[in-house]
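**Student:** could you look at this predicted model? Sequence included:
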Amino acid sequence: MEDRLMQYLLSPVKLKGCVYAPPSKSQAHRLLLAAIPAKGTCVIEHVAFSDDMIASFNAIKALGKNLEVETESLGNRITIHPQSNISSTPVIDCKESGSTLRFSIPLALAVTGSAVFKGEGRLGSRPLMVYEELFKEKDILWEADPEGLPLHVKGKLKPGIFRVRGDISSQFITGLLLALPLLEGESVLEIEGVLESAPYVDITLDVLRKYGVIAAEEERHKKYRIPGNQIFQGVTERVEGDWSQAAFHILGGILGEGVCINGLDGSSCQGDKRIVSLLHSMGADIRWDGDGLVARPSELIGMAMDISDCPDLAPVLALACCLAKGNSRITGAKRLRMKESDRIQSVGSTLVALGAKVQCTDDGFEIDGVEFLQGGRVSSHNDHRIAMMVAIAAGACNEFVFLDGAEAVAKSYPDFWEHYKLLGGSIYE
């Protein structure tokens, strides 16, 4: 494994220019996996060929669909054809995609009644207790390896009342919302407590509407009534630009000499578009110029922020706070401890290694701003968002940054380093 690590030497240069936002990973997962039960042909455009998308392609093919890929300049065009050659117990390789795993478990039960899931990296350690407890109550066989994966589930998923806590990953809620419309009768999905990461559920509901499926929200982010025996229609949809990935370029423009990001939708359901309002509150100059979002050089002021509805922004915001005047506190990110890395620990330790003043807390960070970072040698921790954070941090360093594990960006944004170089980023391999 160590022999495959990609090592980059990053120069301390200011970023400047224009870049096109990559496809939204969150929306693409949902649009792709909702095609599994669809009766007609589905065409999903502007899809990144990332490791996570390949995991969802694996699920689609294992659950009986024929998939074609056409390469386009700004993303791939995926055509998914109806087919019926499903194994009695399909094996789904989820690679290291938590979304693919958690979305596919209920879907597989609804479509085939049995499936085996496998994965790699830290995926087996990602919590699945919510499903395990819920499905065992409903007489679903749950057999997991002591390491978490492989996992075998088997049984008939029946309609009824499904209760889940609001402070869990919204991926569990999305998985149920994708599967419950396929059951033989009406189901009710109840959320206990406050729903965190609620915008991700809104993305799911929007995707269901595109497929002609009803999930009536009787109480905002609390209760959903889902008729059974619904038919997912064939669709042709284009994936939006990804706000969580664009956030790195937005900060790159603020710390650099100005960056314009094209391909973003200001009215998107994506909760990560909150990056604009949060950085605005810190003093950033970010504004629309036609269809492009322009981030200009700005002095930032530290602040307190709760990111429970947009935890993927933690690396970007932590870096911004490190270079802001004064103190900052980031809370609401506890779920990040179970990502590709313990992302609270890896963000904190990486920034400290570069010369920042960061203390990790149970659910976030306490940060004292500094004028600039020093540079040094750091690891991506095999975490795509850490690698991208380091790239943007390099522009605020006095010395070179040596990054181990630069290939981690392939999980979600395989074109990141090419886009980084388009903006003037300097890389020595």
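**Tutor:** Structure's in. What do you need? Numbers count the residues shown, from 1 in each chain.
**Student:** drop to CA atoms for contacts and neighbour counts, all remaining ones
**Tutor:** Will do.
**Student:** so E340 makes contact with D383?
**Tutor:** Yes. Contact between E340 and D383 holds when scored by C-alpha atoms under 8 Å: they sit 5.3 Å apart.
**Student:** tell me, how many residues neighbour the closest residue in space to W142 that isn't next to it in sequence?
**Tutor:** Closest residue to W142 apart from its sequence neighbours, by C-alpha to C-alpha, 6 or more residues apart in numbering: V153 at 4.9 Å. Neighbour count for V153, taken as other C-alpha atoms under 10 Å: 21.
**Student:** swap in K25?
**Tutor:** The criterion is other C-alpha under 10 Å. On that basis, K25 has 25 neighbouring residues.
**Student:** next: K421.
**Tutor:** Neighbours of K421 under the rule other C-alpha under 10 Å: 12.
**Student:** need the three-state assignment for it.
**Tutor:** Of the three states, K421 takes helix according to DSSP: H, G, I helix; E, B strand; the rest coil.
**Student:** per-residue pLDDT of S84, please?
**Tutor:** Per-residue confidence at S84 stands at 67 (pLDDT).
**Student:** then the one 10 residues further on?
**Tutor:** Listed pLDDT for C94 reads 98.
**Student:** cool, and L74?
**Tutor:** Taken from the predicted model, the pLDDT recorded for L74 is 69.
**Student:** next one: E2
**Tutor:** On pLDDT, E2 comes in at 41.
**Student:** same question, K339
**Tutor:** 77.
**Student:** start at 42, not 1
**Tutor:** All right, first residue 42 from here; so that's K380.
**Student:** quick one, what contacts it?
**Tutor:** Applying C-alpha atoms under 8 Å, 6 or more residues apart in numbering, one finds that K380 lies in contact with 163, 167.
**Student:** mind running it again at 10 Å?
**Tutor:** Residues near K380 by C-alpha atoms under 10 Å, 6 or more residues apart in numbering: 137-139, 163-164, 166-167, 353, 424.
**Student:** A325 now?
**Tutor:** With C-alpha under 10 Å, 6+ apart as the criterion, the residues that contact A325 are 291-292, 294-296, 317-319, 336-342.
**Student:** would you write a ChimeraX line that selects the buried entries of those residues?
**Tutor:** Filtering these down to the buried ones (16 or more other C-alpha atoms under 10 Å) takes a single ChimeraX command:
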select :291,292,294,295,296,317,319,336,337,338,339,341,342
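**Student:** among the contacts of A325, which are located in strands?
**Tutor:** Under the assignment DSSP state E, these contribute 336-337 to strands.
**Student:** which of the contacts of K380 has the most neighbours?
**Tutor:** By neighbour count, taken as other C-alpha under 10 Å, the most surrounded of these turns out to be S138 (26 neighbours).
**Student:** how about that one, nearest residue that isn't a chain neighbour?
**Tutor:** Take S138 and drop its neighbours on the chain: the residue closest to it by C-alpha to C-alpha, 6+ apart is D93, 5.3 Å away.
**Student:** read off the pLDDT value for that neighbour.
**Tutor:** Taking D93 on its own, its pLDDT is 96.
**Student:** same check on the one 10 residues further on?
**Tutor:** Looking at A103, its pLDDT reads 95.
**Student:** surely it touches V132?
**Tutor:** Yes. With contact taken as C-alpha atoms under 10 Å, A103 and V132 are classed as touching, separated by 6.5 Å.
**Student:** what's the overlap in contacts for the two?
**Tutor:** With contacts defined as C-alpha under 10 Å, 6+ apart, the residues adjacent to both A103 and V132 are A156.
**Student:** flag the shaky bits of this protein, pLDDT-wise.
**Tutor:** Counting by pLDDT under 70, the chain contains low-confidence ranges at 42-45, 115, 125.
**Student:** per the annotation, how does this structure divide into domains?
**Tutor:** The chain breaks down into these domains under automatic domain parsing: 43-63+282-469, 66-265.
**Student:** okay, the ones you listed in TSV with distance to Q271 next?
**Tutor:** As requested, these are arranged in TSV below (distance: least, C-alpha to C-alpha, whole Å):
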stretch	distance to Q271
domain 43-63+282-469	24
domain 66-265	5
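**Student:** re the thing from before, can you check which residues contact both of E381 and D424?
**Tutor:** 449, 452.
**Student:** if we can go back for a sec, so the residue nearest to S138 is in which element?
**Tutor:** With elements taken from DSSP states H and E, the one containing D93 is helix 92-103.
**Student:** quick one: name whatever helix or strand follows that helix.
**Tutor:** In the C-terminal direction, the helix or strand that comes right after helix 92-103 (DSSP H and E) is strand 107-113.
**Student:** packing partners for that next one?
**Tutor:** Strand 107-113 sits against strand 83-88, helix 92-103, strand 116-122, with contacts defined as 3 or more C-alpha pairs under 10 Å, 6 or more residues apart in numbering; DSSP states H and E.
**Student:** among these, which is nearest F413?
**Tutor:** Comparing the helices and strands packed on strand 107-113 by their distance to F413 (C-alpha to C-alpha), the top pick is helix 92-103, with 33.7 Å.
**Student:** rewinding a little: most widely separated two among the contacts of K380?
**Tutor:** Between any two of the contacts of K380, the greatest separation by C-alpha to C-alpha is 18.7 Å, found for S166 and D353.
**Student:** go ahead and confirm the residue nearest to W183 touches L148.
**Tutor:** No. Applying C-alpha under 10 Å, one finds V194 not in contact with L148, separated by 11.3 Å.
**Student:** which residues do those two both contact?
**Tutor:** The overlap between the contact sets of V194 and L148 (C-alpha under 10 Å, 6+ apart) consists of 154, 156.
**Student:** can you dump the C-alpha coordinates of stretch 266-284 into CSV?
**Tutor:** In CSV, the C-alpha atoms belonging to stretch 266-284 read as follows (Å, rounded to 0.1, in the frame of the first residue of the first chain):
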residue,chain,number,x,y,z
ARG,A,266,-45.6,9.3,4.7
ILE,A,267,-44.7,7.1,1.8
PRO,A,268,-47.2,5.2,-0.3
GLY,A,269,-46.2,1.7,-1.4
ASN,A,270,-46.2,0.0,-4.8
GLN,A,271,-44.8,3.2,-6.5
ILE,A,272,-43.1,3.1,-9.9
PHE,A,273,-39.9,5.0,-10.5
GLN,A,274,-40.1,6.5,-13.9
GLY,A,275,-37.2,6.7,-16.4
VAL,A,276,-35.5,10.1,-16.3
THR,A,277,-32.9,12.2,-18.1
GLU,A,278,-31.1,14.5,-15.5
ARG,A,279,-27.9,16.5,-15.3
VAL,A,280,-25.9,16.5,-12.0
GLU,A,281,-25.4,20.0,-10.5
GLY,A,282,-22.0,21.4,-9.6
ASP,A,283,-20.7,20.4,-6.2
TRP,A,284,-20.7,23.1,-3.6
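**Student:** buried stuff in that stretch?
**Tutor:** When neighbours are counted by 16+ other C-alpha under 10 Å, the buried residues of stretch 266-284 are found to be 266-269, 271-276, 278-284.
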